[in-house]
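> I need the structure of the sequence given here:
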Amino acid sequence: MISFIVPAYDEEALIGRTLEALNLAAQSLGEAYEIVVADDASSDQTAEIAKAHGARVVRVERRQIAATRNAGAREATGDKLIFVDADTLVSEAVVRAAIQAINGGASGGGSAVNFDGNVPRYAERVHPAMIRIFRALGLACGCFLFCTRRAFEAAGGFDETLFASEEITMSRALKRQGRFVVLRESVTTSGRKLRMYSGRDVLRLFASILLAGPKALRSRDALEVWYGGRREDPDLAMVRQQ
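You can find the predicted model right below:
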């Protein structure tokens, strides 16, 4: 069985479309599946929306993406695990390719990622290079990663000492368990973080990480882009005002 695991924190604006896409993609495969939403301390309607879309909700109070993904995996019952962020849309093609890779003997894998809506010019320029780098290194993007349960458990799950870049560490851990595949197919994730933060904000964040070294990835306070309070997508806010 396929288990889709969706970590979420205050995602009422986007999680509905994510779960609709998952249901449509999974139903087309004709294989048993489940959706587990790991709701990490949401204060909005995330859990209610998830349940309305047929998901099973497990409550988490960690405010840490690695621990939230692991909590969802513990609740899941499938032998194939697909981790999808709550602001990310998958297609039938990418899910089918992931399952085919697993059935073909892969321990896990990921895909390239596109952004929805308008994104700043700096992001448009950097994005193609990042895709090439991740593909060349054989790493999954943060919003979509799949693996067998056997490989996941052998790898020890996501590293809960990390507040960011846990998907890179997991990609490397899964490689030690077998073949790791970066699919040709892409998923589409929200570009809201790129719209919320200026290029200067992002540069400042990464400069602080470089200066502090790996320990910066083990501190929630140092990772404003991922754990800060900004949630409202400027594109969505503009649509609401029209």
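
> mind showing which ranges of this protein have poor pLDDT?
202-203, 205-216, 219-220, 222-242 (pLDDT under 70).

> Next, Ala38: phi, psi?
Here is the backbone geometry of Ala38 (degrees, to the nearest 10): phi -90, psi 100.

> What about it, how many residues nearby?
29 (other C-beta atoms under 10 Å). For the C-beta atoms, the positions are set from N, CA and C on the backbone; glycine is no exception.

> ok, and what's touching the helix or strand harbouring Met130?
Assigned by DSSP states H and E, Met130 falls within helix 121-137. Helix 121-137 has contacts (C-beta atoms under 8 Å, 6 or more residues apart in numbering) with 110, 112-113, 115, 119, 140-141, 182, 191, 194, 199, 202.

> Then stretch 10-29?
Here stretch 10-29 makes contact (C-beta under 8 Å, 6+ apart) with 2, 4, 6, 8, 33, 35, 37, 42-46, 49-50, 52-55, 84-92, 94-96, 99, 190, 231, 233, 236.

> so of the residues you listed, which ones are in strands?
2, 4, 6, 8, 33, 35, 37, 84, 88-89 (DSSP state E).

> Most neighbours of all those residues, which one?
Val37 (31 neighbours).

> Specify the beta-bridge partners of that residue.
Judged by DSSP bridges, the bridge partners of Val37 are Val6, Val57.

> And Gly199, how close does it get to Ala86?
Note on Gly199: its distance to Ala86, by C-beta to C-beta, to the nearest Å, is 25 Å.

> Same check on Gly142?
12 Å.

> Who are the contact partners of Glu61?
40-41.

> Quick check on it: phi, psi?
phi -130, psi 60.

> And for Arg184?
Torsion angles, degrees, to the nearest 10, at Arg184: phi -70, psi -30.
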